[in-house]
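**Student:** Structure for this input, please:
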Amino acid sequence: MKNLPKTVSRIFLVALIANSVLVVLLLALGVLIHRSGESAMHDMGRITLEAFRAARPILWGSMGLNSPETHDFVKQLADQKIVKNFFVYTTKGKLVFSYSDPNPDDILTEPPTEHILKDNTMFMYDTYSFGNHRHGGGMMGGRTDETLIICLALDTSTLRSTNQLRNYAITIAILMEIIMLLLYTKVSRMIKEYERSRTRLQLAEQEAATGRLAAILAHEIKNPLSSIKGLVGYSIKKSSDESVVENLDRSITEIDRLAAIVNGFLTFGKPIDLEISTFKIRECCEKATTLLSHDLIHTKKAITINGTDFEVNADYNKLLQILVNLILNALDASPAGGTVSINIGAKQLSIINSVTDGAKIDTSRIFEPFYTTKAKGGGLGLPIAKKILELHNFKIEITNTDPFTLILILDGDEHA
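**Tutor:** Residues are numbered from 1 along each chain as shown. Prediction:
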């Protein structure tokens, strides 16, 4: 069952390719049949003209074109199903003999060397020089040196019927190709969505398990940590030794760092409720910058905000928390005197900063819980940010590592 979607996709792809091959074969076969039929008809017409030419010394020379014997001979030739007409005329366009009345447009005083296809008819022309032979009796009798033109009209409707059947078959095959292509596209999308949903579900299950474990650990650590901090603080007040006090102050700093990590565990492990409101994104960015002003003074780094403002529907405090954490991470990773740029665009904003170790960042793992490149860090800042943004139906992406560029796409239509 696990590989069923891929198997179905492969079956559709094979069927699509097979049908494409069938369309090509039908086209090639149709062209071949048409050419073969046209060639066979041309050969038959040429044989008919040759038969008429071979009878010339007997029929034309002694009896004339309008004699009963010539009529009977032509009738036998014209009785073939594909023969529509047979007529003879002079180079001046005067009709001498015809099996049936021809269309005046078909009487060409300068006959072509190749056959002509027109109105389901193949016209084949040939010229005969009679020398000093008779070409008729009575009014049409006598001797002549005139060159006559003979036209044989062949019925090509059978070729047309074959072409129509071929076209119907090709049309059906092409329609099947289009339908199969649409089905394959739809099925491929469904399979990709299924794979994405399954991946999201697996990640959600892993995050839920990790969150439960993190919450348990945080709960077990938080209380003893608070007690330790209290005892250290009490020791600082009681001690008069400056070196001891200095070491105890360092201990308080490390305890606070551990407490921040523990709070991150608790945030990652517990459900998050959103309070949606509408606000300007620039206002939220400026608020985050104000909260970090103390860090800017001590690190001599800067934050710039550029771009066109827009409104966003989100939980203000949660988005503010995300921006503070992301900007703080950017400041920490920036070199001395560096600048963190916040660029506001169409329903998105980017946070860009130069880094000293961009090559060490594994972008495929950066949103995994507990993954970090910092010597001091819990590796939960980006996973928590991603979790909160996805609850808004927003997205967070990394498009570059040097300079490090985070894109927050804030165009979700619905909220969980």
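
**Student:** Can you report how many residues lie near residue 313?
**Tutor:** By other Cβ atoms under 10 Å, the residues close to residue 313 number 14. For the C-beta atoms, the positions are set from N, CA and C on the backbone; glycine is no exception.

**Student:** What of residue 107?
**Tutor:** 17.

**Student:** Can you report phi and psi for it?
**Tutor:** phi -90, psi 100 (degrees, to the nearest 10).

**Student:** Report the contact partners of it.
**Tutor:** By Cβ atoms under 8 Å, 6 or more residues apart in numbering, residue 107 lies in contact with 87, 89, 93, 95, 151.

**Student:** which residues of the chain fall in strands?
**Tutor:** 83-90, 95-98, 116-118, 121-129, 133-134, 143-144, 147-155, 276-280, 302-307, 311-315, 339-345, 348-353, 395-401, 404-409 (DSSP state E).

**Student:** Reformat the ones you listed as a markdown table; add distance to residue 202 and mean pLDDT.
**Tutor:** Formatted as a markdown table, the strands of the chain follow (distance: least, Cβ to Cβ, whole Å; pLDDT from 0 to 100):
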| stretch | distance to residue 202 | mean pLDDT |
| --- | --- | --- |
| strand 83-90 | 75 | 84 |
| strand 95-98 | 86 | 80 |
| strand 116-118 | 66 | 85 |
| strand 121-129 | 70 | 84 |
| strand 133-134 | 97 | 46 |
| strand 143-144 | 98 | 46 |
| strand 147-155 | 71 | 85 |
| strand 276-280 | 28 | 91 |
| strand 302-307 | 37 | 89 |
| strand 311-315 | 26 | 90 |
| strand 339-345 | 32 | 90 |
| strand 348-353 | 28 | 88 |
| strand 395-401 | 19 | 85 |
| strand 404-409 | 23 | 88 |
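
**Student:** Pipe these into CSV and attach distance to residue 29 per row.
**Tutor:** Conversion of the strands of the chain to CSV gives the following (distance: least, Cβ to Cβ, whole Å):
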stretch, distance to residue 29
strand 83-90, 28
strand 95-98, 39
strand 116-118, 21
strand 121-129, 22
strand 133-134, 48
strand 143-144, 50
strand 147-155, 23
strand 276-280, 64
strand 302-307, 61
strand 311-315, 61
strand 339-345, 56
strand 348-353, 55
strand 395-401, 51
strand 404-409, 52
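
**Student:** And those strands: which comes nearest residue 166?
**Tutor:** strand 116-118 (16.7 Å; Cβ to Cβ).

**Student:** Show the buried residues in the contacts of residue 107.
**Tutor:** For the contacts of residue 107, a neighbour count by 16 or more other Cβ atoms under 10 Å gives the buried set as 87, 89, 151.

**Student:** Check the spacing between the first one and residue 129 real quick.
**Tutor:** Think residue 87. 18 Å (Cβ to Cβ, to the nearest Å).

**Student:** Who's the closest spatial neighbour of residue 286, skipping the chain neighbours?
**Tutor:** residue 305 (6.6 Å; Cβ to Cβ, 6 or more residues apart in numbering).

**Student:** now swap in residue 287 and tell me
**Tutor:** In space, residue 287 is closest to residue 320, 5.9 Å off (Cβ to Cβ, 6+ apart).

**Student:** The one you found contacts residue 285, doesn't it?
**Tutor:** No. Look at residue 320 against residue 285 with Cβ atoms under 8 Å: they stay out of range, at 9.2 Å.

**Student:** So between those two, which is more surrounded?
**Tutor:** Each of residue 320 and residue 285 has its neighbours counted (other Cβ under 10 Å); residue 285 has more, 22 against 18.

**Student:** can you pull the contacts of the more buried one?
**Tutor:** Per Cβ under 8 Å, 6+ apart, neighbours of residue 285: 305, 323, 342, 344, 349.

**Student:** check contacts around the second one.
**Tutor:** Which is residue 323. Residue 323 touches 284, 285, 288, counting by Cβ under 8 Å, 6+ apart.
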